[in-house]
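**Student:** sequence and computational prediction follow.
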Amino acid sequence: MSDKLFLRDPQETELGRKILQEGIAMIDELGFEKFTFKKLAAKIESTEASIYRYFENKHKLLVYLIAWYWNWLEYKIDYGTQNIDDPIQKLEIALRIVSEDKKQDSSFPQIDEEALYRIVKVESDKTYLTKQVDSDNKEGLFRGYKSLCTRIASYIKEYNPNYGHPNSLISTVLQAAHHQLFYAEHLPALTDLKCDENIHEQSKLFLTDMVLKTIKA
């Protein structure tokens, strides 16, 4: 996590961890537009000034949370692919982790990964579709997302070094993993995924089929 994401590391104090925990719950409930530090301060029985000691504004808090999610996914992929040499098998594991429904990880009790996943599906594009995207990028705010893309793209390069667009393909896949679920829930004419109990399995099959057929040597 880049230290440019925060003014003070929220994971180092009880108040900081409460800001993360309740911030996730509130953004998940209200949506990013209606979420404010004033509402968050009231929820955690603190002051807006205290929250501003950790994050410059609510956009920086959102960027922090989304960055944490990408780092967490890479951690899960690292764990799931250790001691595996076959690049296709590693790719299939990575795509399964990306597309599967997210459950709370007891290793990180201050983060509700299920709620954060819902936030990522709806709000993640807002972290970089901004006027300050170039300066944010120079500060390393998207390092986790780029690292995750690079990690999964490396499996493609390992399998087929002649395929010319591994990073483009994986960045597209990561966006599709969330957009297709959102479409199924809200704009069903834009996807073939059905919004039922098997939606994550459908998503995994779609993404895996798209990637493997595209990179076939």
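**Tutor:** Here it is on my side, so go on. Computed from a prediction, not measured in an experiment: that's the story for all the values here. Residues are numbered from 1 along each chain as shown.

**Student:** excluding its backbone neighbours, what's nearest E92?
**Tutor:** T208 (6.1 Å; CB to CB, 6 or more residues apart in numbering). In this view, the C-beta of every residue, glycine as well, is placed from N, C-alpha and C.

**Student:** how about whichever strand or helix holds that neighbour: buried residues?
**Tutor:** Per DSSP states H and E: T208 is located in helix 199-215. For helix 199-215, the buried set under the neighbour-count rule, 16 or more other CB atoms under 10 Å, comprises I199, H200, Q202, S203, K204, F206, L207, T208, V211, I215.

**Student:** quick revisit: looks like the residue nearest to E92 contacts Q89 (just checking).
**Tutor:** No - with contact defined as CB atoms under 8 Å, T208 does not reach Q89; the gap is 11.6 Å.

**Student:** just give me the neighbour total for the nearest residue to D125 once chain neighbours are set aside.
**Tutor:** Leaving aside its sequence neighbours, D125 sits nearest to Q175 (CB to CB, 6+ apart; 7.9 Å). Using other CB atoms under 10 Å, Q175 is surrounded by 12 other residues.

**Student:** what helix or strand is Q175 on?
**Tutor:** With DSSP H and E as the test, Q175 turns up in helix 166-186.

**Student:** show me what that helix is packed against.
**Tutor:** Where contact means 3 or more CB pairs under 8 Å, 6 or more residues apart in numbering; DSSP states H and E, helix 166-186 is packed against helix 87-99, helix 113-123, helix 143-159, helix 199-215.

**Student:** helices and strands around the first one, which ones?
**Tutor:** In other words, helix 87-99. Using 3+ CB pairs under 8 Å, 6+ apart, the elements in contact with helix 87-99 are helix 58-81, helix 143-159, helix 166-186, helix 199-215.

**Student:** try 6 Å
**Tutor:** Contacts defined by 3 or more CB pairs under 6 Å, 6 or more residues apart in numbering; DSSP states H and E place helix 87-99 against helix 58-81, helix 143-159, helix 199-215.

**Student:** list the buried residues of it.
**Tutor:** So for helix 87-99, counting by 16+ other CB under 10 Å, buried means P87, I88, K90, L91, E92, I93, A94, L95, R96, I97, V98, S99.

**Student:** repeat for the shortest one
**Tutor:** Applying a neighbour-count criterion of 16+ other CB under 10 Å, one finds E113, A115, L116, Y117, R118, I119, V120, K121, V122, E123 buried in helix 113-123.

**Student:** chain center to stretch 77-91, what's the gap?
**Tutor:** Averaged C-alpha coordinates place stretch 77-91 at 20 Å from its chain's average position (CA atoms, centre = their mean, to the nearest Å).

**Student:** identify the residues contacting it?
**Tutor:** For stretch 77-91, contacts defined as CB atoms under 6 Å, 6 or more residues apart in numbering pick out I93, A94, I97, Y155, E158, Y159.

**Student:** this completes my enquiry, with thanks.
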